[in-house]
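Student: task: produce atomic coordinates for the following.
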Amino acid sequence: MHLRGVVLPEDEVRDLWVRDGLVSFEPVAGAETLCGTGWIVPGLVDAHCHVGIRYGGGHEDREGAITQAETERDAGALLLRDAGSPIDTHFIDEHEDLPRIIRAGRHIARPRRYIRELGIELDDERDLPEIVAEQARLGDGWVKIVGDWIDRSVGDLRPLWSDSILKEAIDAAHANGARVTAHVFGEDALPGLINAGIDCLEHGTGLTDDTIELMVEHRTALVPTLINIDTFPGIADSAGKFPIYAAHMRDLHARVRRTVANAHDAGVPIFAGTDAGGSIRHGRIADEIAALSGAGLSNHDALGAASWNARTWLGRPGIEAGAPADFVVYQEDPRINPAALTEPQYVILRGRLVKTHNPVTGHR
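Tutor: Numbers count the residues shown, from 1 in each chain. Prediction:
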């Protein structure tokens, strides 16, 4: 096929062709023209996406996981970084019409210190390096640990691991060719995680000026999952037995957009992730991009955090000669009108047209 439009992020009007599922900037004889105008964006990235966790909680079955992946695809999210799944989603790779998934394996936590039945629970923290190494070998270059969670004995968020064990575990992941990310809400777990060499933080609502400075020093990335953080007031409302924890969660929510703005201004790399699965429905990457814009990123940077910049961070190409033809076409510039992100005109995955939207009839 042949497309012509404004190609981002270069912001240039270009012609491109698809041959054998790959991008070409050289004409292909007999190619059918799909569009002559529009904005062509490298396939969107949801960098915190749980294919395999049922909305409302629990394990998803194969059919349900496929439906989740289809929902992400139709929203334009063609690359998903799995931030922990209770099921093995490798069967998704057999479907040429579904997004690519970069897996982090299962969450690693302590007993009663995370959502039940989702993670691997370690009675002895000394087992963490070995389990991290194992998950690194099973995944696609990432491992996910739970950095903090409510400790019911104290009634508030507390770290799960000692600093020395974190350093051993992260070193073990790196030795096995994987990067490490961590779920972390509060303040106390952050110095240990960052100083141990962690590669990314999920949520990061407890960041302060000091820990933001540490992130810059260690080149630690942040995936703030803002649409998930908007569930914090509801979590607090349901935590009547733990008033200190409830107040803490409300405070973290109240300042999260200022926190993200401060991290962005300081130079922390920020990427878009929805935390879809569990309490967040799939297919909401456009909402997360809008939330990042509302937290101080420009519309251009917010879109880049869910497209070209995220792809570079994850080691995947954008719209380049010879790269897989994974892109989304919009009728309007999504940086000027972010609402356009909710209705891709065309979604092309591995060189196949997998979704089209007729703006007149609304048919797909």
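
Student: how about the helices in this protein?
Tutor: If DSSP state H is used as the criterion, the helices of the chain fall at 62-74, 128-138, 163-175, 190-195, 209-218, 226-229, 232-237, 243-266, 285-294, 299-304, 308-313.

Student: now those helices in TSV, with mean pLDDT, distance to residue 82 and mean neighbour count?
Tutor: No exception for glycine: its C-beta is placed from N, CA and C like everyone else's. Shown next, in TSV, are the helices of the chain (pLDDT from 0 to 100; distance: least, Cβ to Cβ, whole Å; neighbours: other Cβ atoms under 10 Å):
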stretch	mean pLDDT	distance to residue 82	mean neighbour count
helix 62-74	97	11	19
helix 128-138	97	12	20
helix 163-175	98	15	19
helix 190-195	98	20	22
helix 209-218	98	23	16
helix 226-229	98	15	22
helix 232-237	98	23	16
helix 243-266	98	23	18
helix 285-294	98	15	23
helix 299-304	98	21	21
helix 308-313	98	14	21
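
Student: neighbours of residue 123, just the number please.
Tutor: By other Cβ atoms under 10 Å, 8 other residues sit near residue 123.

Student: now do residue 94
Tutor: By other Cβ under 10 Å, the residues close to residue 94 number 7.

Student: state the distance from it to residue 108.
Tutor: When distance is defined by Cβ to Cβ, to the nearest Å, residue 94 is 27 Å away from residue 108.

Student: and residue 178, by the same measure?
Tutor: 12 Å.

Student: can you check residue 8 too?
Tutor: To residue 108, residue 8 is 37 Å away according to Cβ to Cβ.

Student: so if I had to pick from those two, which one is more boxed in?
Tutor: Neighbours of residue 8 and residue 108, each counted by other Cβ under 10 Å, are more numerous for residue 108; the result is 27 against 24.

Student: tell me the pLDDT of the more buried one.
Tutor: Note on residue 108: pLDDT of 97.

Student: hey, which strand is longest across this protein?
Tutor: Using DSSP state E, we find that the single longest strand of the chain is strand 12-19.

Student: excluding its backbone neighbours, what's nearest residue 286?
Tutor: Nearest residue to residue 286 in three dimensions, chain neighbours excluded: residue 341, at 3.8 Å (Cβ to Cβ, 6 or more residues apart in numbering).

Student: ditto for residue 188
Tutor: Here the nearest residue to residue 188 in space, its sequence neighbours aside, is residue 159; by Cβ to Cβ, 6+ apart that works out to 5.6 Å.

Student: equivalent analysis for residue 243, please.
Tutor: Nearest to residue 243 is residue 155, by Cβ to Cβ, 6+ apart, at 7.5 Å.

Student: for residue 192, same thing?
Tutor: Counting by Cβ to Cβ, 6+ apart, residue 163 is the residue found nearest to residue 192 once chain neighbours are left out, at 4.0 Å.

Student: what residues are up against the one you found?
Tutor: 191-192, 195-196 (Cβ atoms under 8 Å, 6 or more residues apart in numbering).

Student: residue 43: which of the residues you listed is nearest?
Tutor: Within the contacts of residue 163, proximity to residue 43 (Cβ to Cβ) peaks at residue 196, which comes in at 32.5 Å.

Student: the closest one touches residue 162, doesn't it?
Tutor: No: in this structure, residue 196 is not within contact of residue 162 by Cβ atoms under 8 Å, at 10.1 Å.
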